[in-house]
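Asks: got a predicted structure here, sequence first:
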Amino acid sequence: MSRPSEPTAPAPPRADRLRGVIEGITYQHPETRYTVLRVALEAECEAPGELFSSRTRGPRVVHAVGKAGEIALGERVSLAGEWKTHPKHGAQFHFQVLQNLPPVGPEGVARYLAS
């Protein structure tokens, strides 16, 4: 079973919000907890128009960066933060808040139970 993430700072008043499933953990510093995630967005989540065309098929995956506690692949999360463009890596979602969410549907429950 996964453990809850460490508490993070409150969301900024005008923060963007994303929900999705962690598809990959690209990097996590063991001391500072700075983390780079690949998150597959849920269908109703909006992302900047230039990231995905109306013809995008399959999961819409974005990179999210910020400080996170213990996280695991397949976890469903809610993120609050803002979009920024990195000169080398492009559009990234910089989160101040990462909250674990309960799984949805049979596949989500199976992933949760397998963790």
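Replies: Sure thing, it's come through. Numbering: from 1, shown residues only.
Asks: rest of the way, CA atoms for contacts and neighbours
Replies: Noted.
Asks: which stretch of helix or strand covers the most centrally placed residue in the chain?
Replies: The residue lying closest to the centre of the chain (Cα atoms, centre = their mean) is V39, at 4.4 Å. Element membership of V39, judged by DSSP states H and E, is strand 34-41.
Asks: what comes up buried for that strand?
Replies: 35-41 (16 or more other Cα atoms under 10 Å).
Asks: closest one of those to Q96?
Replies: T35 (11.4 Å; Cα to Cα).
Asks: pretty sure the closest one is touching A68, no?
Replies: Yes: between T35 and A68 a contact is recorded at 6.2 Å, counting by Cα atoms under 8 Å.
Asks: quick one: contacts for the nearest residue to L41 once chain neighbours are set aside?
Replies: Leaving aside its chain neighbours, L41 sits nearest to G20 (4.3 Å; criterion: Cα to Cα, 6 or more residues apart in numbering). Taking Cα atoms under 8 Å, 6 or more residues apart in numbering, we find G20 in contact with 39-42, 76-78.
Asks: tell me the two of those residues that are most distant?
Replies: It's A40 and S78 that sit farthest apart of the contacts of G20, by Cα to Cα, at 11.4 Å.
Asks: stretch 24-38 - what's its average pLDDT?
Replies: Stretch 24-38 carries an average pLDDT of 96.
Asks: for S78, give its distance to A91.
Replies: 18 Å (Cα to Cα, to the nearest Å).
Asks: and P102, by the same measure?
Replies: Distance from P102 to A91, by Cα to Cα: 27 Å.
Asks: H63 now?
Replies: 8 Å.
Asks: so where's this protein shaky on pLDDT?
Replies: 1-14, 48-58, 111-112, 115 (pLDDT under 70).
Asks: roughly how far apart are the closest residue to A91 other than its chain neighbours and Q92?
Replies: Distances taken as Cα to Cα, 6+ apart put T85 closest to A91, at 4.3 Å, once the chain neighbours are dropped. The gap separating T85 from Q92 is 6 Å, by Cα to Cα.
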